[in-house]
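[1] just coords:
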């Protein structure tokens, strides 16, 4: 259900959070230690930086740091950048302009997405690294 981007984003955020006392973290270290392909990680990190969840500094001593304290960054905030968790279930799962009633996917998809939302509700980056 979760995209690779969402999983990799959580890995990156958790890694940075768990190493923040050491200063800025290099992207190559995150890729190596979290088993995320470096090219893919760069795309994910760029999105996290654009959203202010990570800060990026270039040059000597540069790298990635959290954009705000780990206890203020919700796991759902990270997921929602890569996965649609707020979809309306009256829309057609198949993307048709009009939906002529719940298909078999509505009965499966709606509870799955609601369950995912409940599971990560209230989780912060800090809560998953401590």
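    Looks like it arrived, so ask away. Predicted model only: the values in this text are computed from it and were never measured. Residues are numbered from 1 along each chain as shown.
[2] for the chain, longest helix please?
    helix 104-120 (DSSP state H).
[3] after that one comes which helix or strand?
    From helix 104-120 onward toward the C-terminus, using DSSP states H and E, the following helix or strand is helix 125-129.
[4] starting at the chain centroid, how far to the worst-scoring helix or strand of the chain on mean pLDDT?
    Least confident element among the helices and strands of the chain, by mean pLDDT, DSSP states H and E: helix 104-120 (a mean of 76). Its chain's average C-alpha position is 18 Å from that of helix 104-120, according to CA atoms, centre = their mean, to the nearest Å.
[5] try stretch 12-27
    That offset, for stretch 12-27, works out to 15 Å (CA atoms, centre = their mean).
[6] For the least confident helix or strand of the chain, which residues meet the burial criterion?
    Of all the residues in helix 104-120, those buried under the rule 16 or more other CB atoms under 10 Å are 106, 109-110, 113, 116, 120. No exception for glycine: its C-beta is placed from N, CA and C like everyone else's.
[7] And stretch 35-47, by the same measure?
    Judged by neighbour count (16+ other CB under 10 Å), stretch 35-47 contains these buried residues: 36, 41, 44-45.
[8] Tell me what angle the helix or strand that contains residue 15 forms with helix 104-120.
    Assigning secondary structure by DSSP H and E places residue 15 in helix 4-18. Orientation note: helix 4-18 sits at an angle of 0 degrees relative to helix 104-120 (axes from the mean of the first three to the mean of the last three CA atoms, to 10 degrees).
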